[in-house]
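Chemist: Here is my input, please return the structure:
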Amino acid sequence: MLFHKKLRFLLLLSFVLSGSASVFSQVEKEVNPPFNIKTVSFVQSGANTIPMFRLGDTFELQFDDLFGNEADYYYTITQYNYDWTPTILAKSEYLQGMDNQRIMTYQNSFNTLQIYSHYKQAFPNRFNRILLSGNYMIKIFNDNQELVFSRRFIVYEENLSVALQIKRSRNLTDIEKKQNLDFTIKMGDNNTLQNPVQNIKVALLQNGRWDNAILNIKPQYTLGSDLIYRYNQETQFWGGNEFLYFDNKDIRNPGNNVGKVTSGEIYNSLLFANSPRGDKPYTYYPDINGSFYVRNIGSENGETEADYAWVYFTLIPPTTIDKKDIYINGMFNNFALAPENKMDFNAQKGVYEKAILLKQGFVNYQYVLLDAKGKVDNQNAIDGNFYQTENNYFVIVYYRGNNDRYDKIIGRGFATSENITN
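Modeler: Here you go, the predicted model:
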């Protein structure tokens, strides 16, 4: 009798502790790099990419250290649940090989005014390989095992397909400003998923960004083995406007929205002033949805031969803005609302200004307005919201079976709003 009481007590204690662990697990957030770490990017097939990789595919993490002293950096890879809390899996279950490896591929810049060391780490490699799909975080540490920065990425399988279509909002108030995602998860006849309505979760991303991701959306209904999502408000994004851009691949001469170039210790690229576009008609011009291309017109290897320049941004503010916080962001800075990217108001000129140190090339950027609570004010975006804006959308499909201990990613849907329908 005493044995059974002890057993029940131990089981109850285990349940309480496991429940407490899940309740108090911290949601992992990305850590922005310090000033000397620049141009952090995931690279696949030689180009910067949104960090979504098929299980087993190769990719790289690259970054520059402006100290240029060939410092030692180490990386770890950790798996996370759907909500970006740590999984309970042992690292050996999702990572083959050893963790906390030194990045051994690096090269110093060549023929540049700004010296830097360029680092790149390929995956998979001879030291480790990711075994399972899911959410992941790569963390970079210095020689003292201090965290320098971290980046999210996902690894997915293609066990099912997602039919995704972008439509205008059905709400007349937002019909000119928002884009809605209609999609169907098509499991097929061969998938034997346990209770998919409850065990499948989705993450909806605009241009691969997590800061405005839509989560925890359940299917409206099922049709055969298909899960149907045809919401309106729950699955819609502000359309925004096409990204602004500049191109200083020829760092010594103005052009492509660079109005003036000066030189000192390094080059300065002074951009033409931007005016708000929110009250102007939508104008289409192709962009790369916030991404950037590193390149130097005078070299073949932009990784180590592209130089850095101080890029000067100027924004003529809308009359409705009363000295609110405005940031410049894009994939070049991971859309971070960091002090380094916050604009300063020049009362004498009546404009917002900011200089950011960037690696030369073709760069998409946007101006972001914050509300009184410090959150991005998409509704009153400086450049407006238009349903015609071309954005890339992703549907990430997660699944955790009744006895599974982690959220695997079993499918991915993609569509562009270029062919938006009513």
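
Chemist: Strands of the stretch 101-250 of the chain, start to end?
Modeler: Using DSSP state E, counting those that start in this stretch, the strands of the stretch 101-250 of the chain run over 101-102, 106-108, 117-123, 128-130, 134-141, 147-156, 161-168, 178-186, 200-206, 214-215, 221-223, 226-229, 236-238, 244-247.

Chemist: For residue 16, report the pLDDT, please.
Modeler: Per-residue pLDDT puts residue 16 at 44.

Chemist: pLDDT weak spots in the stretch 1-150 of the chain?
Modeler: Within the stretch 1-150 of the chain, the stretches falling below the threshold (pLDDT under 70) are 1-24.

Chemist: what about 90?
Modeler: The model of the stretch 1-150 of the chain has pLDDT under 90 over residues 1-25.

Chemist: Let me see the ranges of the helices in it.
Modeler: 2-24, 91-94 (DSSP state H, counting those that start in this stretch).

Chemist: would you list the strands of the stretch 101-250 of the chain in a markdown table and tack on distance to residue 373?
Modeler: Using the backbone N, CA and C atoms, a C-beta is placed for each residue, glycine as well. As requested, the strands of the stretch 101-250 of the chain are exported to a markdown table (distance: least, C-beta to C-beta, whole Å):
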| stretch | distance to residue 373 |
| --- | --- |
| strand 101-102 | 41 |
| strand 106-108 | 41 |
| strand 117-123 | 37 |
| strand 128-130 | 38 |
| strand 134-141 | 27 |
| strand 147-156 | 24 |
| strand 161-168 | 29 |
| strand 178-186 | 21 |
| strand 200-206 | 21 |
| strand 214-215 | 20 |
| strand 221-223 | 36 |
| strand 226-229 | 30 |
| strand 236-238 | 17 |
| strand 244-247 | 26 |
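
Chemist: Include mean neighbour count when you put the ones you listed into a markdown table, please.
Modeler: Output for these, formatted as a markdown table (neighbours: other C-beta atoms under 10 Å):
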| stretch | mean neighbour count |
| --- | --- |
| strand 101-102 | 14 |
| strand 106-108 | 16 |
| strand 117-123 | 20 |
| strand 128-130 | 17 |
| strand 134-141 | 21 |
| strand 147-156 | 19 |
| strand 161-168 | 19 |
| strand 178-186 | 23 |
| strand 200-206 | 22 |
| strand 214-215 | 16 |
| strand 221-223 | 11 |
| strand 226-229 | 19 |
| strand 236-238 | 23 |
| strand 244-247 | 19 |
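
Chemist: Identify whichever of those strands lies nearest to residue 295.
Modeler: Nearest of these to residue 295, taken as C-beta to C-beta: strand 244-247 at 8.6 Å.

Chemist: helices or strands next to that closest one in the packing?
Modeler: strand 361-369 (3 or more C-beta pairs under 8 Å, 6 or more residues apart in numbering; DSSP states H and E).

Chemist: The strand it packs on - contacts with which helices or strands?
Modeler: Looks like strand 361-369 contacts strand 244-247, strand 292-294, strand 308-315, strand 326-329 (3+ C-beta pairs under 8 Å, 6+ apart).

Chemist: Tell me the buried residues in whichever helix or strand comes after the first one?
Modeler: Which is strand 244-247. Downstream of strand 244-247, the first helix or strand assigned by DSSP states H and E is strand 258-263. Neighbour-count burial for strand 258-263 flags 258, 261 (criterion: 16 or more other C-beta atoms under 10 Å).

Chemist: Would you mind listing the residues in contact with residue 178?
Modeler: Contacts for residue 178 (C-beta atoms under 8 Å, 6 or more residues apart in numbering) come out as 168, 169, 171, 236, 237, 238, 239, 385, 387.

Chemist: Using pLDDT, spot the least trustworthy of those residues.
Modeler: Lowest confidence among the contacts of residue 178: residue 171, with 88.

Chemist: domains for the protein, by residue range?
Modeler: Residue ranges for the domains of the chain, per automatic domain parsing: 37-156, 161-239+389-419, 244-369.

Chemist: As TSV, those with distance to residue 375 would be great.
Modeler: Listed next are the domains of the chain as TSV, based on distance: least, C-beta to C-beta, whole Å:
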stretch	distance to residue 375
domain 37-156	19
domain 161-239+389-419	10
domain 244-369	9
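
Chemist: Any idea which of those domains gets closest to residue 26?
Modeler: domain 37-156 (6.8 Å).

Chemist: what's across from residue 60 in the sheet?
Modeler: On the basis of DSSP bridges, residue 60 is bridged to residue 43, residue 122.

Chemist: list the contacts for it?
Modeler: 42, 43, 44, 120, 121, 122, 123.

Chemist: now, which of the residues you listed sits nearest residue 206?
Modeler: residue 42 (17.8 Å).

Chemist: what bridges to residue 227?
Modeler: residue 185, residue 222.

Chemist: Not counting its neighbours along the chain, what's nearest the residue nearest to the spatial centre of the chain?
Modeler: Closest residue to the average C-alpha location of the chain: residue 209 at 4.0 Å, with C-alpha atoms, centre = their mean. Leaving out its chain neighbours, the residue that sits closest to residue 209 by C-beta to C-beta, 6 or more residues apart in numbering is residue 335, at 5.8 Å.

Chemist: hang on, the one you found in a helix?
Modeler: No - per DSSP: H, G, I helix; E, B strand; the rest coil, residue 335 lies outside any helix segment and is coil.

Chemist: re earlier: between the helices and strands packed on strand 361-369, which gets nearest to residue 202?
Modeler: Per C-beta to C-beta, nearest to residue 202 of the helices and strands packed on strand 361-369: strand 326-329, 25.4 Å.

Chemist: before we move on, back to that, now do the same contact list for the residue nearest to residue 209.
Modeler: Contacts of residue 335 by C-beta under 8 Å, 6+ apart are 209, 211, 290, 329.

Chemist: try it again with 7 Å
Modeler: Residue 335 sits next to 209, 211, 329 when contact means C-beta atoms under 7 Å, 6 or more residues apart in numbering.
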